[in-house]
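okay, sequence plus prediction incoming.
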Amino acid sequence: MNLLIGAATLGFLLTPLALGVFISYRIYHTLDLTVDGSFGLGAATVAALLVIHVPPLVATALGMLAGVMAGFLTGAIHTRLRVGTSLAGVLTSTALYSVILFIMGSGNLSLASSDTLVTVAEGLGHRFGLPENLTILGTTVRGGSLTELGLMALLASALVLGLTVLMRTDLGLAMRAAGNNPQMANAVAVDVNYMIVLGLGLSNGLTALAGALFAQSQGYASIQMGIGMVVTGLATLMIGEALLGKRPLGRWICAGMAGAVVFRLLVAGAIRAGLHPNALKLVTALMVLTVLVVPHLVRGARGGRQPEGG
Amino acid sequence: MTVHPRRFFLSPRIGRFVGLAACLALATGFTGSRDTALLRNPGPGVATPAGSPALIYIIRADDWMGHEWSEDAIRVGLLESDMEAGVDYEFKMLSAQGDLATLPSLIDAAIDAKARIIVTLQDATLEAAVRRGTTVPIIFQLLSDPFAAGAGTSDSNHMPNITGVYSPGFGDPEQTRRVDLIRRILPKATRLGILFSPEEQLSVSFKQRMTKAAQQAGLKVTAVPVGNVGEVSDATRSLCGKVDAIELFGNVAHSGFAGLIKVAKECKVPVFSPSPFEVMQGATAALYPDFQDGGAIAGKMIARVLRGESPAKIPFYRVQTTKLAVNPGDAGSIGVTVPPDVVKQADTVVGKGAKPQ
């Protein structure tokens, strides 16, 4: 039960990452490699602020803002200096490595004695009568785990809703047009370059928010936290798309959240399977493959339609 | 509108539902592959039924050769405490394989499996365990800094369910001894190169302490940062011809040791390491914390907790002793002679086919 709650919490917590990748990969059709750096940047910024007792909400917002700036930088390198998006992302991400070290002053920053969003939510839960520990299906579960799950689920849902609303506004339509058909968007007076910079800023802001939440959940920030997050983001998005599809838009965005949760549940399943420790990633990959393939096989049996995911 | 039954069952919606159901089934353990031993073990504070070994989860953030040593040493400590594997306890290993996001899930899995004790092997693992706020006894083995992880404020003032063994290991006396060792093997050395990882706090701290100790001994120090494993060879090459010996600190440098030693041998520069495993791979000498002593003490702590003692009453143990490993054969191949008195003093002498003891 603890494993399931923890995995679901982590899934909701990583939803902003999936949404960030959704914007860059699905809206702008580009693989933004800034993600690894901006995730770590969000974690580092929030940790550095929390240890000097900045209120958690403010620190989280500033962590997200740092990611937005990183995205703007990648966008500016791409649009102003005519460097490809992937290379621009690599350059920003590489530079962010040093920036993160400067921010934290070292490779690791503990939040053991700092207030975080998670501890604040836990305190609120206790204030409203949530016990320290409770028993669910015969397993002792910490009350704090449930408040953390609730907090992350609420945040993830709000982000999904917010992004869905945004994508349906004139600004969102302009962003989607700039990503889908830049020439046409340009012809109808959309500033495509501006939209790209804005989109990458939003994408990396969401990624940094995921990093900020992750650091608060784990109780520390590390320079290594962002490594491989672009792959995680892509995997979660594709799992979500395979399960929920891409139409309508709201469901497509919701797929980011579903994919993130399902991905962590699959990792939890691999752990629970109790296999050899070295086999964890192999089993996780096989489980993800199973989930991706089943819907496609069904569609294939139905009449050979092209798969939607991936 | 009529829908053909076959089309209904094979529709994309049903496909997605099947996929989601499959994944949930896998995640919730309906795979049939769950370790049934997990079901037999009682929770913390619950007496283990006769004939049922206590389940001990050993959790590591990453995989490293030294962990196997640590695990073996823990077994020795348990054996010395009259605890028999398979009868009194059963080990279960979990590794996040470098994925920090997976660490909390490993802790949760151990809690759900009603582990009697969780053994954490790296600082990140202890940090994750502290954050989970579990009441399951936690014993850490050979960490660098349990205090930074929030496990306590001093050796005797710590969280009631946490104790263990740590080794800041490379403090000022050790760094001075490290410089002395270089001096004894290379009396004419005047220049020392240090590879370190700027993103690792301890690595930076060791580099600074080593630099201070070396400068006090009259050595000129050139410190080169390495950001990733791919940079280690080039960083080593940058020191060729400029230094008389190389020392290394930090996980990145250690992970890239194969490249480091290859270049160092080409340049005929002896390498000094804080890891005995690297002496087995060609380093000239290593002064290192006593893994075995620490592991055995951690094993004895586990035994005490299994017998009902509270971790709150067991103070943290700081490993006090260091050991020396030398590799005269590889040193000789680059024209360095390890003096006989150093060889005699060494706890481990690595030769062809020999292993550290």
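Noted; the coordinates are in hand. Numbers count the residues shown, from 1 in each chain, chains lettered A, B, ... in the order given.

where does the stretch 151-300 of chain A dip in pLDDT?
A:275, A:277 (pLDDT under 70).

in it, which spans are strands?
Assigned strands in the stretch 151-300 of chain A, in chain order: A:220-222 (criterion: DSSP state E, counting those that start in this stretch).

and the helices in it?
A:170-180, A:182-187, A:192-218, A:229-244, A:249-272, A:280-303 (DSSP state H, counting those that start in this stretch).

can you list phi and psi of B:Gly77 for me?
B:Gly77 adopts backbone torsions of phi -60, psi -40, taken as degrees, to the nearest 10.

report pLDDT for it.
For B:Gly77, the model assigns a pLDDT of 91.

quick one: residues contacting it.
Listed by C-beta atoms under 8 Å, 6 or more residues apart in numbering or on different chains, the contact set of B:Gly77 reads B:Gly295, B:Ala296, B:Ile297, B:Ala298, B:Gly299, B:Lys300, B:Met301, B:Ile302, B:Ala303. The way it works is simple: take the backbone N, C-alpha and C, and place the C-beta from them, glycine included.

ok so, going back, okay, the helices of the stretch 151-300 of chain A, which one's buried deepest?
Neighbour counts (mean count of other C-beta atoms under 10 Å in any protein chain shown) averaged over each of the helices of the stretch 151-300 of chain A peak at helix A:192-218, with a mean of 27.

state the mean pLDDT of stretch B:266-279.
pLDDT averaged over stretch B:266-279 gives 89.

and the residue of chain B nearest chain A?
Going by C-beta to the nearest C-beta, chain A is nearest to B:Gly150 of chain B, at 2.5 Å.

any figure for the gap between that residue and B:Glu127?
7 Å (C-beta to C-beta, to the nearest Å).

cool, and B:Ser275?
23 Å.

more crowded one of the two?
Set side by side, B:Ser275 and B:Glu127 show more neighbours around B:Glu127, with 29 against 22, by other C-beta atoms under 10 Å in any protein chain shown.

show the contacting residues for that one.
In this structure, B:Glu127 makes contact with A:Ser110, A:Ala112, A:Gln218, A:Gly219, A:Tyr220, B:Ala149, B:Gly150, judged by C-beta under 8 Å, 6+ apart.

now a ChimeraX select for only the buried ones of those.
Selecting only the buried entries of the contacts of B:Glu127 in ChimeraX, with 16 or more other C-beta atoms under 10 Å in any protein chain shown as the criterion:
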select /A:110,218,219,220 /B:149,150
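
switch the contacts of B:Glu127 over to a markdown table; also include distance to A:Asn186.
Listed next are these as a markdown table, based on distance: C-beta to C-beta, whole Å:
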| residue | distance to A:Asn186 |
| --- | --- |
| A:Ser110 | 49 |
| A:Ala112 | 52 |
| A:Gln218 | 44 |
| A:Gly219 | 48 |
| A:Tyr220 | 46 |
| B:Ala149 | 53 |
| B:Gly150 | 54 |
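
looking at the contacts of B:Glu127, spot the one nearest B:Leu287.
B:Leu287 lies nearest to B:Ala149 out of those, by C-beta to C-beta, at 25.5 Å.

quick check, the closest one in contact with B:Asp123.
Yes. Applying C-beta atoms under 8 Å as the test, B:Ala149 and B:Asp123 come out as touching, 5.8 Å apart.

how confident was the prediction at the residue in chain A that chain B sits nearest to?
Ranked by C-beta to the nearest C-beta, the top residue of chain A for proximity to chain B is A:Ala112, at 2.5 Å. Looking at A:Ala112, its pLDDT stands at 76.

one more: the one 10 residues further on?
A:Glu122 is assigned a predicted lDDT (pLDDT) of 87.

same for the helix or strand hosting it, what does it pack against?
Element membership for A:Glu122 (DSSP states H and E) is helix A:117-127. Judged by 3 or more C-beta pairs under 8 Å, 6 or more residues apart in numbering or on different chains; DSSP states H and E, helix A:117-127 is in contact with helix A:56-80, helix A:143-168, helix A:192-218.
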